[in-house]
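> Give me coordinates for this.
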Amino acid sequence: MKFREIIVKSINTEAGNYTNIDDEIKSIKPLDIYLVPKQDGSHERYVTDEEGVISKQGSGGISADTFNDVVLKGNSTTKNEIILSSKNGRSAAVGFNELTHGYYFGDMNPNHTGTNNVGIGQKTLNNVTTGTNNTTVGNYTLSSLTEGSNNTTFGYAAGYQLTKASANVFIGHYSGFNLKTEINESDIAAFSPAAAAFMKENPSLSGYNGSTFNTSLNTYVGGTINMNTSSPTRAAMSTIIGASSLNNVLYRNFNNIVIGSGNSMKTANSMMYNSIIIGNSIYLPNQNDALAIGLNRDRRIYAHEAIIYGELPNKKLTINAPLAVSAYYMPNAQGNSEFTKNIVAKPDGTFGWEEKLNSDAIPLSGTISEKNVTGTIAYEAPTIFTSRWENIEANSYAHLSQDEGLYQSRNDVRSQLQPDSLSIMDSKTSGASLDLNINDGIRAEKQFPPQNANYYIQKGYLDQKLSYSNQEQLTGGEWVDGKSIYRKTIKFENIPSNGEIDLTTDFKDIDNIVSNQMFTEWYSMDVAFAGNQYRDKAFITLLPKMVQIEYMSGSDYDYSLINSFTLTLEYTKKDSNI
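Numbers count the residues shown, from 1 in each chain. Sure, this is the predicted structure:
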């Protein structure tokens, strides 16, 4: 069929019509040729196909359509590969493999059989065969890879020498560049048995085939990680984050975590496995199973100089700094019987513990098992006795040796030391007043309060001094006006809705409040706190007759939601001279 040629004034390819010489607008028809004259005597030539799709032609029959024209026409190609530059063969090709669903912009091996690979860059996946699910971006990334799956690489020459690799992430130029060797199962098992066991249980990730593993389960993030000939050739289950790390770590990088830049071995040709390093510019430990956290602003440091250093298999941790724990976050152990250990230390700073009662001091009640009173005993006669023993002087000492039945007297005080007891007696009346029995501890007929820091006090007095009760009790102390001080603790579990707690029922005839302790359980606000305020949210005002609780978030708060309020008061009473 011969095409019909029509001379027209203009063509509108987008609208699909033309303007004829009579200025009429007509629709373009299939298999017509339209000529548009130009001022220089030439013409533009448009051709339509059987579907009426029009294209502009130049001399020699080559289309002169713009790229926009081509796109608007819905043109496509059935070719799976487009060569952008024929001078270098396939070094610049855009392609898609229908059988393996592999996409590439570069020179991925066209004969690969592994599925779902994506390669962008020159010499990227250009040797891949059975490898699957690999995604690579950057020239020379995974350039040598033949087998292995689930690798993700981004950066120039990342993983360049690997032939078999699985489940790795390499991000950064030259990241993992020097890795290239398969790993024998016995090699990993000798250094990291736990890592070997996990990799055997997950062959799809590790490439385990019964005797060897692929270089697998590694994450390298940072430029120039493992890039030179003095860096590991084998790696498994290691996470390295930070630029320029692992120099001089040769052969093995097994089961390590390194976070920070510039971390390398001081000594070349070293191995490293089962270690955790966090910090910058640390000389990695030329040993294994180590922990180091820290850095130094002035110089590079060795791992053992880091603020935290540990030997993991030995369960040994060293802190190279003063150690402090805020008292705010520590429980109050005063009077708490659950705390039964004392923390002690060796001269080198090693901590240990001992039983809380393991003391060389004579206990207030009884004695410590297998700690009998032996040797020489010295005591000081306190002035508290002078009301009964007129001739006893303060600072009067008697020294006794443990000879059975030995008596010594000084200043009218007679002391008798037996193998199991010590008695101090008034020599005038021969009446025993103080007895120290090996099994029962020190006893006395009267309860003696302290006179100064060096004087003996009895357990009963101390118990009373430190105890708390919901019954009013004398503390044994006096206020500045000479009045006796009382103590009482009340726990209020039903708080009035207005937040005002009446004290007159539980605390009668208060004259002066000497001290107070408060503890509030307020779980609707998710808090329990001591003191009279909580982080500027709640305030507690104490008056002799009442307590006022105020929640700053609103004036209509229902204070009955408070679980409990415990108040301990020390106070004097009106008209009290006890």
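> Now stretch 320-328: average pLDDT?
Average pLDDT, stretch 320-328: 84.
> what's in contact with it?
Contacts to stretch 320-328, defined as C-beta atoms under 8 Å, 6 or more residues apart in numbering, come from residues 294, 305-309. C-beta coordinates here come from the backbone N, C-alpha and C atoms, glycine included.
> for that stretch, how far is the first residue from the last?
Start-to-end span of stretch 320-328 (C-alpha to C-alpha, to the nearest Å) is 23 Å.
> Same question for stretch 517-527.
OK, stretch 517-527 end separation, C-alpha to C-alpha: 17 Å.
> And for that stretch, what's in contact with it?
The contact list for stretch 517-527, computed with C-beta under 8 Å, 6+ apart, reads 528-532, 534, 537-538, 540, 542, 549, 551, 561-568.
> buried set for it?
Under the neighbour-count criterion of 16 or more other C-beta atoms under 10 Å, stretch 517-527 has 518, 520, 522, 525 buried.
> Closest one to L142 out of the residues you listed, please.
Closest approach between those and L142, by C-beta to C-beta: M525, at 57.1 Å.
> For M546, see how far away that closest one is.
22 Å (C-beta to C-beta, to the nearest Å).
> and if you look at A196?
A196 is 71 Å from M546, where distance means C-beta to C-beta.
> higher neighbour count, the two?
A196 (24 against 12; other C-beta atoms under 10 Å).
> Wait, a strand at that one?
No. Under DSSP: H, G, I helix; E, B strand; the rest coil, A196 falls outside any strand and is assigned helix.
> tell me the pLDDT at it?
pLDDT, read off for A196, is 94.
> Hmm, it is touching N184, no?
No. Here A196 does not reach N184: they are 10.1 Å apart, not a contact under C-beta atoms under 8 Å.
> all helices for this structure, in order.
67-72, 185-191, 193-201, 203-206, 459-466 (DSSP state H).
> any chance you could map the strands in the stretch 401-550 of the chain?
406-410, 413-418, 421-426, 431-437, 441-444, 473-478, 484-492, 500-502, 510-522, 527-530, 533-534, 538-542, 546-551 (DSSP state E, counting those that start in this stretch).
> Given the longest one, what are its sheet partners and their directions?
In the sheet containing strand 510-522, its partner strands are strand 527-530 (antiparallel), strand 564-573 (antiparallel), by DSSP bridges.
> Lowest average confidence across the ones you listed, which one?
strand 527-530 (a mean of 89).
> can you pull the buried residues of that one?
Neighbour-count burial for strand 527-530, with 16+ other C-beta under 10 Å as criterion, is recorded at F529.
> Same check on stretch 283-296?
Residues of stretch 283-296 classed as buried by neighbour count (16+ other C-beta under 10 Å): 283-286, 288-295.
> on that earlier part again, from the contacts of stretch 320-328, which two are the most distant?
Across those (C-beta to C-beta), the longest gap, 10.7 Å, separates E305 and I308.
> shared neighbours of those two, anything?
Common neighbours of E305 and I308, counting by C-beta under 8 Å, 6+ apart, are 294, 320.
> Next up, the contacts around K29.
So K29 contacts 48, 52 (C-beta under 8 Å, 6+ apart).
> Okay, it and N150: tell me how far apart.
Counting by C-beta to C-beta, the gap from K29 to N150 is 56 Å.
> For K164, state which of the buried residues of stretch 283-296 is nearest.
For the buried residues of stretch 283-296, the nearest to K164 is N288 (25.2 Å; C-beta to C-beta).
> wait, doesn't that closest one sit right on F191?
Yes. Using C-beta under 8 Å, N288 is in contact with F191, at 7.1 Å.
> Need the overlap of contacts for these two.
Counting by C-beta under 8 Å, 6+ apart, the residues touching both N288 and F191 are 271, 273-274.
> What about those, which one has the most neighbours?
For the shared contacts of N288 and F191, counting by other C-beta under 10 Å, the largest number of neighbours falls to Y273: 24 neighbours.
> what sits against that one?
Neighbouring residues of Y273 by C-beta under 8 Å, 6+ apart: 191-192, 252-256, 288-289.
> Adding pLDDT, write those out as CSV.
Conversion of those to CSV gives the following (pLDDT from 0 to 100):
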residue, pLDDT
F191, 88
S192, 90
R252, 84
N253, 88
F254, 91
N255, 92
N256, 91
N288, 78
D289, 87
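> Strands - which of the residues you listed land there?
When the contacts of Y273 are checked against strands (DSSP state E), the matches are 252-254.
> Nearest to E50 among these?
Closest to E50, out of all of the ones in strands among the contacts of Y273 and judged by C-beta to C-beta, is N253, at 65.2 Å.
> right, and that closest one touches L246 too?
Yes. Using C-beta under 8 Å, N253 is in contact with L246, at 6.4 Å.
> contacting residues around the closest residue to K180 other than its chain neighbours?
If the residues on either side of it in the chain are set aside, K180 comes closest to Q161, at 3.8 Å by C-beta to C-beta, 6 or more residues apart in numbering. Q161 is in contact with 143-144, 177-180, counting by C-beta under 8 Å, 6+ apart.
> what's the most distant pair in those?
Within those, S143 and N178 form the most distant pair, 13.4 Å apart (C-beta to C-beta).
> can you pull out the strands in the stretch 51-200 of the chain?
Secondary structure of the stretch 51-200 of the chain (DSSP E, counting those that start in this stretch): strands located at 54-57, 81-83, 93-97, 102-106, 118-121, 135-137, 152-154, 165-166, 169-171, 183-184.
> would you list the buried residues of stretch 283-296 in CSV and tack on distance to Y34?
Shown next, in CSV, are the buried residues of stretch 283-296 (distance: C-beta to C-beta, whole Å):
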residue, distance to Y34
Y283, 79
L284, 76
P285, 81
N286, 82
N288, 81
D289, 83
A290, 81
L291, 81
A292, 80
I293, 78
G294, 80
L295, 76
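> Looking at those residues, which is nearest E355?
Closest to E355 out of these is L291 (30.7 Å), distances taken as C-beta to C-beta.
> Relative to A195, how far out is the closest one?
Distance, L291 to A195, using C-beta to C-beta: 17 Å.
> ok, now T224?
T224 is 25 Å from A195, where distance means C-beta to C-beta.
> As TSV, the contacts of stretch 320-328 with distance to T135 would be great.
As requested, the contacts of stretch 320-328 are exported to TSV (distance: C-beta to C-beta, whole Å):
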residue	distance to T135
G294	36
E305	41
A306	36
I307	39
I308	37
Y309	39
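> In strands, which of those fall?
For those, membership in strands holds for 308-309, with DSSP E as the criterion.
> Now do the phi/psi pair for S144.
When read as degrees, to the nearest 10, the backbone of S144 gives phi -100, psi 0.
> That one against K180, yeah?
Yes. Judged on C-beta under 8 Å, S144 makes contact with K180 at a distance of 7.4 Å.
> circling back: what's the ChimeraX syntax to select whichever of the contacts of stretch 517-527 are buried?
What follows is the ChimeraX syntax selecting those of the contacts of stretch 517-527 that are buried according to 16+ other C-beta under 10 Å:
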select :529,534,538,540,549,551,562,565,566,567,568
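> okay, the strands paired with strand 510-522 in TSV with distance to N202 next?
Shown next, in TSV, are these (distance: least, C-beta to C-beta, whole Å):
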stretch	distance to N202
strand 527-530	46
strand 564-573	53
